[in-house]
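>>> A predicted structure for the sequence below; I have some questions about it.
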Amino acid sequence: DAGITQSPRHKVTETGTPVTLRCHQTENHRYMYWYRQDPGHGLRLIHYSYGVKDTDKGEVSDGYSVSRSKTEDFLLTLESATSSQTSVYFCAISVEETSGTYNEQFFGPGTRLTVL
Amino acid sequence: TQLLEQSPQFLSIQEGENLTVYCNSSSVFSSLQWYRQEPGEGPVLLVTVVTGGEVKKLKRLTFQFGDARKDSSLHITAAQPGDTGLYLCAGAGSLSDDKIIFGKGTRLHILP
């Protein structure tokens, strides 16, 4: 258990509203990731972080921003939610101490977001 | 752009049968991982393979990395209903990569 929690676990919102999802880890791992999972598309990387205030874009970053002001928290923000952002969002960490350079990832339980 | 293609996309078989799922790419990967995901949960890492030709076993599951490190397979012997789930492969392009890419998954259903 890598001590990853996500909040909220479920959210329904309306188009045009801002939404922030939180990922929290308890073990001070450097790398954190946000993915979205959609039928037919698998897991796609939105943004990731390699340290406090250090973030980079993934393959589907448009419409999303992230922030990491503390090692333990990685926030994903949808500035103005759209129906195409309805998805299941997963946070993950990479445990460098056990994975070396293999980037093995450990996932949180997910957040199911519905944008009406 | 590196891609990982998984096949089949769906597989439904009877308990006790054997099966193999595949993860293929035209690109070389420095390592390849297999995850299993159950409904309502996040993916869970099963194994990482890093050497061309490497074979790893996890109880009834056998994982193989292709000699050229472009493909991998997962073989399940005597499948059980508890093996039901979504199986995902993921790869890192190089040792310096900060991220990995995922295949779209194989959804496996074992009928009792």
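Sure, I can see it.
>>> ok, the residue of chain B found nearest chain A - contacts?
Proximity to chain A, evaluated over chain B using C-beta to the nearest C-beta, is greatest for B:Gly42 at 3.1 Å. Where C-beta positions appear, they are placed from N, C-alpha and C, glycine not excepted. By C-beta atoms under 8 Å, 6 or more residues apart in numbering or on different chains, B:Gly42 lies in contact with A:90, A:92, A:107-110.
>>> dump those residues into CSV; add pLDDT as well.
Output for the contacts of B:Gly42, formatted as CSV (pLDDT from 0 to 100):
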residue, pLDDT
A:Phe90, 98
A:Ala92, 96
A:Phe107, 97
A:Gly108, 97
A:Pro109, 96
A:Gly110, 97
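>>> just these: which are in strands?
A:90, A:92, A:107 (DSSP state E).
>>> mind listing the strands for chain A?
Assigned by DSSP E, chain A shows strands spanning A:4-7, A:10-13, A:19-25, A:31-38, A:42-51, A:54-57, A:64-70, A:73-78, A:87-94, A:105-107, A:111-115.
>>> can you redo those as CSV with mean neighbour count and distance to chain B?
Putting the strands of chain A into CSV (neighbours: other C-beta atoms under 10 Å in any protein chain shown; distance: least, C-beta to the nearest C-beta, whole Å) gives the following:
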stretch, mean neighbour count, distance to chain B
strand A:4-7, 17, 8
strand A:10-13, 13, 11
strand A:19-25, 19, 11
strand A:31-38, 23, 7
strand A:42-51, 20, 4
strand A:54-57, 14, 7
strand A:64-70, 16, 14
strand A:73-78, 19, 14
strand A:87-94, 23, 5
strand A:105-107, 24, 3
strand A:111-115, 18, 9
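>>> can you put the ones you listed in a markdown table and add distance to B:Thr106?
A markdown table is the format used below for the strands of chain A (distance: least, C-beta to C-beta, whole Å):
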| stretch | distance to B:Thr106 |
| --- | --- |
| strand A:4-7 | 25 |
| strand A:10-13 | 27 |
| strand A:19-25 | 27 |
| strand A:31-38 | 15 |
| strand A:42-51 | 11 |
| strand A:54-57 | 28 |
| strand A:64-70 | 28 |
| strand A:73-78 | 28 |
| strand A:87-94 | 18 |
| strand A:105-107 | 18 |
| strand A:111-115 | 22 |
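>>> to B:Leu11, which of those lies closest?
Closest to B:Leu11 of the strands of chain A is strand A:42-51 (C-beta to C-beta; 16.2 Å).
>>> just to revisit the earlier point, so which of the strands of chain A comes closest to B:Tyr22?
For B:Tyr22, the closest of the strands of chain A is strand A:42-51, at 15.0 Å, according to C-beta to C-beta.
>>> ok, residues contacting the closest one?
The contact list for strand A:42-51 (C-beta under 8 Å, 6+ apart) reads A:30-38, A:55-61, A:64-66, A:68, A:71, A:74, A:76, A:89-90, B:43, B:88, B:90, B:98-99, B:101-105.
>>> list the beta-bridge partners for residue 22.
All of this refers to chain A. The partner list for A:Arg22 in beta bridges (DSSP bridges) reads A:Ser7, A:Leu75.
>>> um, chain B though
Residues in a beta bridge with B:Tyr22, per DSSP bridges, are B:Ser7, B:Ser73.
>>> these two touch, right, it and B:Asp71?
Yes - counting by C-beta atoms under 8 Å, B:Asp71 is a contact partner of B:Tyr22 at 6.9 Å.
>>> show me which of these two is the more surrounded one.
A direct count of neighbours by other C-beta atoms under 10 Å in any protein chain shown for B:Tyr22 and B:Asp71 places B:Asp71 higher, at 20 against 17.
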